[in-house]
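Undergrad: below are the sequence and a predicted model for it; my questions follow.
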Amino acid sequence: MLELEKDIKPVSEQVGYVPPYEVIGTWRRDLEKDLIYIDESFANILGLEYKGNKESYPLETFFNHIHPDDLDKSKELWDAATVDSSEYETEYRVISGMEFKWVLAKVHTEYGSNEKPISFFGVVVDITQRKKDEESLNMFKTFSDYANDALFLLRENGSIAYCNEVAIQEL
């Protein structure tokens, strides 16, 4: 049987590589005790004091750090995975101190000897910068779509990466 309170290895040991531009954290949820064990990276993402890899947090501590607009969806996914042992991937915002961070979570179900789910294991990636970049790109596209002038975005080699509708009509 899986020992839930075992050490959670640093994520770099688990996946072999950690991209320098994103923080990756791991966690494990004990379904019987409704406790969550998190690694130091995930504690940092949430803005929690890291207690060590054998210390647990009540599940509500985790839910208290999920953005209110994303909380119901997150709880629904957890509840559904408990019932049908599904794996899932989702994006949601977490409250970290005085700011919000976006994370991408991938969740895997672990089974005991009786083939019933005993825990969930998850990996979270801080995608805050990606979300900011997407928002900036969307703002740029909106601005350029309504511009009266031709706008071009060029790559370093001089090729066109993007141009608005006015630019297309002028070409």
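TA: Happy to help now that I have it.
Undergrad: how about the helices of the chain, start to end?
TA: Taking DSSP state H as the criterion, the chain contains helices spanning 11-15, 40-46, 59-63, 68-84, 128-145, 165-170.
Undergrad: direction included, what does the longest strand seen in the chain pair against?
TA: Scanning the chain for the strand with the most residues, using DSSP state E, yields strand 99-111. Take DSSP bridges as the rule and strand 99-111 pairs in its sheet with strand 88-96 (antiparallel), strand 117-126 (antiparallel).
Undergrad: with just CA atoms, put the shortest one into PDB.
TA: This points to strand 88-96. Extracted as PDB, the C-alpha positions of strand 88-96 are listed here (Å, rounded to 0.1, in the frame of the first residue of the first chain):
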ATOM      1  CA  TYR A  88      -8.000  15.800 -15.200                       C
ATOM      2  CA  GLU A  89      -6.100  18.900 -16.200                       C
ATOM      3  CA  THR A  90      -7.300  22.400 -15.400                       C
ATOM      4  CA  GLU A  91      -6.300  26.000 -15.100                       C
ATOM      5  CA  TYR A  92      -7.200  28.200 -12.100                       C
ATOM      6  CA  ARG A  93      -6.100  31.200 -10.200                       C
ATOM      7  CA  VAL A  94      -4.700  31.000  -6.700                       C
ATOM      8  CA  ILE A  95      -4.400  33.800  -4.100                       C
ATOM      9  CA  SER A  96      -0.800  34.200  -3.100                       C
END
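Undergrad: name the residues that touch it?
TA: 45-47, 64-67, 69-70, 73-74, 77, 80-81, 100-107, 127 (Cβ atoms under 8 Å, 6 or more residues apart in numbering). The C-beta positions use only the backbone N, C-alpha and C, and glycine is treated the same way.
Undergrad: which residues sit in contact with residue 134?
TA: Here residue 134 is in contact with no residue (Cβ under 8 Å, 6+ apart).
Undergrad: tell me the pLDDT at it?
TA: Note on residue 134: pLDDT of 91.
Undergrad: same thing with residue 63?
TA: Residue 63 carries a pLDDT score of 90 in this model.
Undergrad: for residue 100, see how far away the closest residue to it other than its chain neighbours is.
TA: Among residues not flanking residue 63 along the chain, residue 71 sits closest, at 6.4 Å (Cβ to Cβ, 6 or more residues apart in numbering). As judged by Cβ to Cβ, to the nearest Å, residue 71 and residue 100 stand 13 Å apart.
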